[in-house]
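Participant: Return a 3D structure for these sequence lines:
(2 chains)
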Amino acid sequence: MTKLCEGHIALVTGGAKGLGRAIAVTLAREGAHVGFNWTKSEVEAKETLAEIEAHGVRGFSFRTSVLDKQGLAAAVKEMEGAVGTVDILVNNAGVSDVVPLALMDEDDWDRVMDTNVKGTFLATQAVLRGMVKLRRGRILNIGSLAGVKMMQAPVHYSTAKAAIKGFTESLAKEIGRYGITVNNLAPGVLEGGVSVNLPKGRLDEYLRHTALGRLGTFQEVAEMAAFLVSDRSSYVNGATILVDGAV
Amino acid sequence: MRAHEGSAMDCVSCITPTRQDRPHTFFHHERAACPTCRETHEGRVVLRGDSPVRLLLCPTCGPSEEILPGTANAYVDGFLARGEVPEGFEGEIEFKETTSTCPSCLTLLPAKVVIREGRVYFKKNCAACGPSEALVSEDAKYYVRAYAFARAGTEPLKFATKVEHGCPTDCGTCNDHEQHTCLPIIEVTDHCNLECPICIVDNQYSNHIDLDTFARMIDTLVVNEGQCESVALSGGEPTSHPQILELVRIACRPEIGRVVVITNGIRLGKDRAFAKALKESGAYVGLQLDGFTADTHEKIRGRDLVKEKEAALAVLRELQIPTQIIFVATRGVNDDQIGKVVELFLSEDHFLSLNFQPAAYTGHGGGLFGHDAMDRLTIPGVVRRVDEQTGGKLKVEDFFPLPCSHPQCVSLTYLLRLEDGTFLPFSRFVDFTKHGSLLRSSATLPATPEMEQTLQDVLYDVYARQDEIERGPEILAALKRTLKVMFPDRPMTQKESLLIGEQQAKSIFLHHYMDRHDFDLERLRKCCHHYPQTDGRIMPACGFNMFHRGAAKGPGTQTPSWGKKPWVKENGTTRLSIVSS
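Facilitator: Predicted coordinates:
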């Protein structure tokens, strides 16, 4: 069987570490040339780039924020010049912090909303023109179980991830006619993710409600991501796909 | 563009539905033998689903239909291929047949449609009057290609007459007509303050329509059509009607988007109070403006009207009355002023559309107007002059056949208003083979869901290709503005929606009415410009002008025995039957 993403060109936002890295490297394993952006994680970015290139594809590492429109445009342009039009976008970049609403500053709110929502908008806009021109594309937004179900999660984070679901559905409707699919991949709690900050009591409570009785891994989510951005996933569109082990 | 493919080809200018009883795209006329008696009659080829179907109405045996071999697409391709002229070929190609008229006795008779030296001619042979030829199109390629734009018609909510004798005797509109009424033209008077040598009607100076009769006609229109985007009040000279403002007020009702008073502008120019009242009534003006010189006016309108036209233009500008300019173009008289009228049209915001009408030599005046049937202006000739005389500001390639009428009847272009106030033809950034729904019988863009979808599609197309398209970023900005204002997050009345749409784009239409030389029954069957009558009939324009109104060859023209002439003789005078005494 050929690789899932052979001949495609992917941009993964926030791809230097964590889930972003897992997705970037998995897409590379599946044959895509992969670029990713980061802002602070210089060491991790180097490691990720090396892992990508170890799969024999071109890798691109960009130190730019998802809130930097010019930086994103330059990244997309560089990839286009080197390997062709970006036809896969994974909107992974996101931030969160545990702040009760009562004590949440406006800055806290803005930071989460900006990176998670506005960053998704800006990164999408940066690649959209090329996809429309190609009349082909895959946009995969990384949402969260917290944006779909009632969970004990920070309100601004849940709000942002619920916004991503709306963004996904509306955009899927708007650009489906250009052969571009837009989906929302919503993981549950993952090892090495927000789980590291959860008090043991809450983590145990969460696990009690999962059918598989364990946390997920970055790789398990990345495998689903690779399928959703591949040509084999041609009729999944506007969907929210939960990867949560059944909560 | 295929004639019948996809919803984009439905007539989105029309709210009435595609015919449920007979869902098809009328394609063309073709003579064929009745399957029962084997007599040859003119039949219709329509595209129904994936099949071409021939419909025939035999006077003896009644209606029949036959599914033709092959697919609809193959039929269309084969039909268009008939019109392809081999490189270097110098002879004559017979493209198709249709039914036309003898230019002398007006008898309906078969016509061969031939292509010769890049032009299209009708060749006819009347048993009584002998052979004749007439130029039909100055550009054979345009003529042939136009058929590819044929689009399914929609049906009115109610037909006015029954099918008894066939077209055009049963006008109108009968159940066999292939299009509903896009533009009703109501003649409100047979008085006029000019005697135009080019006039296509036959004014009797006997009556003005009364208010009750007019109100009844508007009621009939609304019953038949549900709603009309536009209703034109014509004549005669409608501003000579003593109650013209009352008529406008009657017509201004929620089901009617625009009421357009078609006028020579004389009264507007000298009666400012009237012009102001007309503006306040909400009416639009269709200003007859065929040129800018005394000589032109004298030849076409019978006297020097330079000052009158200037006065009319001045008051329209001062009061910002939304205006359509109507320019009747005739070879050797005013075809050198086509560019100038385009420049005028583009220069001022209150001009919403420009309508070129290559002269039809019919009617009390026009039937006698000097012309050469073999060397006259047709739509491609006017378009070429637009290109030449505007220095390419508008190009031949900017114009497309209007699909919802017969595609040989009307050509058009829409011009998008850019942020700097200039206009750019949609053809520069729209692929009409994909966005055929933009080609519609409307002076401006309508705020329909279909249009919103189309404009979004166009926006994305331009967005993807903005570096390759002339003024790409400016077009995007204009499209964004258009979408925002035309489709706000609140309900809008039809009137409000029309007003906003008018600010986004202008249009140029070319409408070639027919006369005894180039009459084509096939075109009449798809006609969507209709004259409502007091008896409830709604007559397709060229059938009315040619056969039912009379005077097709000038004064004294005999009306065919089957023509239902709407004149009555009473107390020694002749008057329009549409006018009650």
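Participant: Now do the contacts for the residue nearest to the spatial centre of chain A.
Facilitator: Centre of chain A computed as the mean C-alpha position; nearest residue by Cα atoms, centre = their mean is residue A:92, 2.3 Å away. Under the criterion of Cβ atoms under 8 Å, 6 or more residues apart in numbering or on different chains, the neighbours of residue A:92 are A:12-15, A:19-20, A:23, A:142. From N, CA and C alone the C-beta is placed, and that goes for glycine too.
Participant: and which of those is nearest chain B?
Facilitator: Using Cβ to the nearest Cβ, residue A:13 is the member of those that sits closest to chain B, with 21.4 Å.
Participant: Run through chain A and note the low-pLDDT ranges.
Facilitator: Per-residue confidence for chain A (pLDDT under 70) gives these ranges: A:1.
Participant: picking that back up, against chain B, how distant is the residue nearest to the centre of chain A?
Facilitator: For residue A:92, the distance to chain B (Cβ to the nearest Cβ, to the nearest Å) stands at 25 Å.
Participant: measure that residue to residue A:164 for me?
Facilitator: Distance, residue A:92 to residue A:164, using Cβ to Cβ, to the nearest Å: 11 Å.
Participant: who touches both of those two?
Facilitator: By Cβ under 8 Å, 6+ apart, residue A:92 and residue A:164 have these common neighbours: residue A:142.
Participant: so the residue in chain A sticking out farthest from the centre, which of the three states?
Facilitator: Here chain A has its C-alpha centre computed as a mean, and the residue farthest from that point, by Cα atoms, centre = their mean, is residue A:102 with 29.1 Å. Reducing the assignment to helix, strand or coil with DSSP: H, G, I helix; E, B strand; the rest coil, the entry for residue A:102 is helix.
Participant: how much space between it and chain B?
Facilitator: Per Cβ to the nearest Cβ, residue A:102 is found 33 Å from chain B.
Participant: Residue of the stretch 201-350 of chain B nearest chain A, please.
Facilitator: Using Cβ to the nearest Cβ, residue B:229 is the residue of the stretch 201-350 of chain B that sits closest to chain A, at 27.6 Å.
Participant: On the three-state scheme, that residue is what?
Facilitator: From three-state DSSP, the assignment for residue B:229 is strand.
Participant: Surely it touches residue B:260?
Facilitator: No. Taking contact to mean Cβ atoms under 8 Å, the distance of 10.5 Å between residue B:229 and residue B:260 leaves them out of contact.
Participant: the more surrounded of the two?
Facilitator: Of the pair residue B:229 and residue B:260, residue B:260 is the one with more neighbours under other Cβ atoms under 10 Å in any protein chain shown, namely 26 against 21.
Participant: give the contact list for the more buried one.
Facilitator: For residue B:260, the contact set (Cβ under 8 Å, 6+ apart) comprises B:230-233, B:283-286, B:324.
Participant: now swap in residue B:136 and tell me
Facilitator: Residues near residue B:136 by Cβ under 8 Å, 6+ apart: B:113, B:120-122, B:143, B:378, B:518, B:520.
Participant: for chain A, longest strand please?
Facilitator: Of all the segments of type strand in chain A, defined by DSSP state E, the longest one is strand A:180-187.
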